[in-house]
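[1] build the 3D model from these lines:
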Amino acid sequence: ELFPTLIRDWRRQWGQGQPPGTGQAFPFLFVQLANYGRVQIHPSESGWAELREAQTLTLSVPNTGMAVAIDSTRHRAYVVQRAYYADVAVNDGALPVDRVTVVEAGRVVTTIAVGKALMGDGQGVAVDSGRGRVYVTNADDGTVSVIDSAADAVIDTVPTGSDPKGIAVDPASGQVYVANSGSNSVTVLNAAGAVAGTAALAGGAYAVAVDRSTHRAYVTCFAHPWTVVVLEGTTKRAEVPLPLLSTIKAIAIDPGTRAYVSDHNTGMIAVIDLSGATPREINRFHAGDYPDAITVDPATHLLYVANLGAAQVSVYNPDGTKVKTISVLRGPSALAIDEASRQAYVAATLSDSLSVLDLNTQKAAAPIPLGSLPTGLAWDGFARRLYAANFAADAVSVLDPSSRSVVASWPCGAAPWALAVDPVLQRVY
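    Below you'll find the model as predicted:
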């Protein structure tokens, strides 16, 4: 009764109440609360949901209107498409690439042209949910495309350094870090998408990740030796040299605790302590053949490593001691964790399948068939859906983890390469 009472009181105090016999009162418009908080997979009490219901019941008051801020039925996929050298040769460069395809209910709604990149490997897409922005690096153009997720349109193309690769967003500040592999620098964009400055490095910048607890960015730099550079905006806070590493492919952050850096050629994982005043390497261990994809389980602080050359996922404690080796199908190349259901998903590129791991028992369930050459995974915790980009099938597989089945295959044009989820809008880019 509080909200209807407030409306009646305001109308009375402003002399805009409902005159007897007229049936009219000044319009009162309000916006229903949007979704907020952790997703609950089991029935539970929700004060937030009760408030939304109370707002809906307020529509019984005459001359009121409510705008709904949740669209739970509109699930779209935004897929970044890049060419591959072999595809360009076969198709004489005629592939419809360098674009973001928008797919809804299995139907292509529109396409959004972005900058050029002949080879998608190592390039990135990052989502700022709170500000409704999606950022895509364009290696050949030396730019970043800024997409407005509400308008489904590129609103700006921002010049960065040469050959931009990795990209990451600090969700608190909205700062975007762009790793420029060709110009030995990191371009920092502000929350509005404008260039805030550039941090010069000693070598090419490749992978980048943000620690959400400290709001620092960690960038892998191809110097002599390889180095992880710690940034706050454009200010360098530290440099951590990683001698004897050859080809760093990925970096994963356990917020405020550890950073893990994987080396493709040597199979080594470097462990960086983030808890002290100055980050420093504290350990290094061999993690099997080609540890190209790594991720941290935030609940247990265990590190999961996909060994591309060994058909397995290795599990490690923060100190580098092995906990377990889990056999999966050939070519594990991407990892995604669902914290709520305590499951991990592994894209097996060479087997056209998905392996599902139980994080509690650390065992693999029966694999789920996917499309051809699944190269990337993205998890949507609100919609409870897993999206897999099938590079050779020109489609995105949509999986329902509860039924362990592919519920849709969305055609999206040529060569889907990278995926990222906006958990607020329930969209995939």
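[2] so residue 319 touches residue 283, yeah?
    Yes. Taking contacts as C-beta atoms under 8 Å, residue 319 lies within contact range of residue 283: 6.4 Å. Yep, even glycine has a C-beta here, placed from its N, CA and C like the rest.
[3] the more surrounded of those two?
    The neighbour comparison of residue 319 against residue 283 (other C-beta atoms under 10 Å) goes to residue 283, with 15 against 10.
[4] return the residues in contact with the more buried one.
    By C-beta atoms under 8 Å, 6 or more residues apart in numbering, residue 283 lies in contact with 270, 271, 319, 320.
[5] repeat that for 7 Å
    271, 319, 320 (C-beta atoms under 7 Å, 6 or more residues apart in numbering).
[6] also residue 67?
    By C-beta under 7 Å, 6+ apart, the neighbours of residue 67 are 31, 32.
[7] per-residue confidence for it?
    Looking at residue 67, its pLDDT is 70.
[8] ok now the helix or strand where residue 251 lies, how far from the chain's centre?
    Taking DSSP states H and E as the definition, residue 251 sits inside strand 248-254. In terms of C-alpha atoms, centre = their mean, to the nearest Å, the centre of strand 248-254 is set 14 Å apart from its chain centre.
[9] also stretch 244-264?
    The chain centre lies 18 Å from the centre of stretch 244-264; the measure is C-alpha atoms, centre = their mean.
[10] quick one: buried residues of it?
    Within stretch 244-264, the residues scored as buried using 16 or more other C-beta atoms under 10 Å are 245, 248-254, 257-264.
[11] repeat for stretch 165-182
    Across stretch 165-182, burial judged by 16+ other C-beta under 10 Å covers 165-170, 174-181.
[12] on that earlier part again, neighbouring strands of the strand holding residue 251 in the sheet, and parallel or not?
    Here strand 248-254 has these sheet partners by DSSP bridges: strand 258-263 (antiparallel).
[13] immediately after the strand it pairs with, which helix or strand?
    Downstream of strand 258-263 (by DSSP H and E), the next one is strand 268-273.
[14] partners of that following strand, with directions?
    Partners of strand 268-273 in the sheet, by DSSP bridges, are strand 258-263 (antiparallel), strand 280-286 (antiparallel).
[15] wait, which of these is closest to residue 340?
    strand 258-263 (22.9 Å; C-beta to C-beta).
[16] so for the closest one, mean pLDDT?
    95.
[17] what's the answer for stretch 245-253, then?
    Mean pLDDT, stretch 245-253: 89.
[18] may I ask which helix or strand of the chain has the lowest mean pLDDT?
    Each helix and strand of the chain was given a mean pLDDT (mean pLDDT, DSSP states H and E); the minimum falls on helix 85-90 at a mean of 42.
[19] and the buried residues of stretch 165-182, which is closest to residue 276?
    residue 170 (21.0 Å).
[20] next, the closest one: phi, psi?
    phi -90, psi 110 (degrees, to the nearest 10).
[21] again, but for residue 5
    Note on residue 5: its backbone torsions stand at phi -60, psi -40 [degrees, to the nearest 10].
[22] just flag the most distant two among the buried residues of stretch 244-264.
    257 and 264 (24.3 Å).
[23] returning to what we had before: pick out the most distant pair among the buried residues of stretch 165-182.
    Pairwise distances among the buried residues of stretch 165-182 were taken by C-beta to C-beta; the largest, 23.8 Å, belongs to 174 and 181.
[24] how about stretch 271-289 as CSV, C-alpha atoms only?
    Taking C-alpha atoms only, stretch 271-289 is exported to CSV below (Å, rounded to 0.1, in the frame of the first residue of the first chain):
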residue,chain,number,x,y,z
VAL,A,271,52.2,-17.8,-10.9
ILE,A,272,52.2,-14.1,-9.8
ASP,A,273,51.4,-13.1,-6.3
LEU,A,274,49.0,-10.1,-6.2
SER,A,275,48.4,-9.9,-2.5
GLY,A,276,51.5,-7.8,-1.6
ALA,A,277,52.4,-4.2,-2.4
THR,A,278,54.3,-5.2,-5.5
PRO,A,279,53.3,-8.2,-7.7
ARG,A,280,56.0,-10.8,-8.1
GLU,A,281,56.4,-14.2,-9.6
ILE,A,282,56.4,-16.8,-6.8
ASN,A,283,56.2,-20.1,-8.7
ARG,A,284,56.3,-21.8,-12.1
PHE,A,285,55.2,-25.3,-13.0
HIS,A,286,54.7,-27.4,-16.1
ALA,A,287,51.0,-27.8,-17.0
GLY,A,288,51.1,-30.3,-19.9
ASP,A,289,51.1,-29.8,-23.7
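[25] now stretch 173-193, how far from the centre of its chain.
    Computed by C-alpha atoms, centre = their mean, the chain-centroid distance of stretch 173-193 equals 16 Å.
[26] could you do stretch 360-379 as well?
    In terms of C-alpha atoms, centre = their mean, the gap separating the centre of stretch 360-379 from the centre of its chain is 17 Å.
[27] CA atoms only: put it into PDB for me.
    The C-alpha trace of stretch 360-379 is given here as PDB (Å, rounded to 0.1, in the frame of the first residue of the first chain):
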ATOM      1  CA  ASN A 360      32.600 -30.700  -7.000                       C
ATOM      2  CA  THR A 361      33.600 -34.200  -8.000                       C
ATOM      3  CA  GLN A 362      36.100 -33.100 -10.700                       C
ATOM      4  CA  LYS A 363      34.700 -35.700 -13.100                       C
ATOM      5  CA  ALA A 364      33.700 -35.400 -16.700                       C
ATOM      6  CA  ALA A 365      30.100 -36.300 -17.800                       C
ATOM      7  CA  ALA A 366      29.200 -37.700 -21.200                       C
ATOM      8  CA  PRO A 367      30.100 -35.200 -24.000                       C
ATOM      9  CA  ILE A 368      27.600 -33.100 -25.900                       C
ATOM     10  CA  PRO A 369      28.000 -32.900 -29.700                       C
ATOM     11  CA  LEU A 370      28.400 -29.400 -31.200                       C
ATOM     12  CA  GLY A 371      29.000 -27.900 -34.600                       C
ATOM     13  CA  SER A 372      32.200 -28.000 -36.600                       C
ATOM     14  CA  LEU A 373      35.400 -26.600 -35.000                       C
ATOM     15  CA  PRO A 374      34.000 -25.000 -31.800                       C
ATOM     16  CA  THR A 375      36.500 -22.300 -31.000                       C
ATOM     17  CA  GLY A 376      34.900 -20.200 -28.200                       C
ATOM     18  CA  LEU A 377      32.500 -20.400 -25.300                       C
ATOM     19  CA  ALA A 378      30.400 -17.800 -23.400                       C
ATOM     20  CA  TRP A 379      28.200 -18.400 -20.400                       C
END
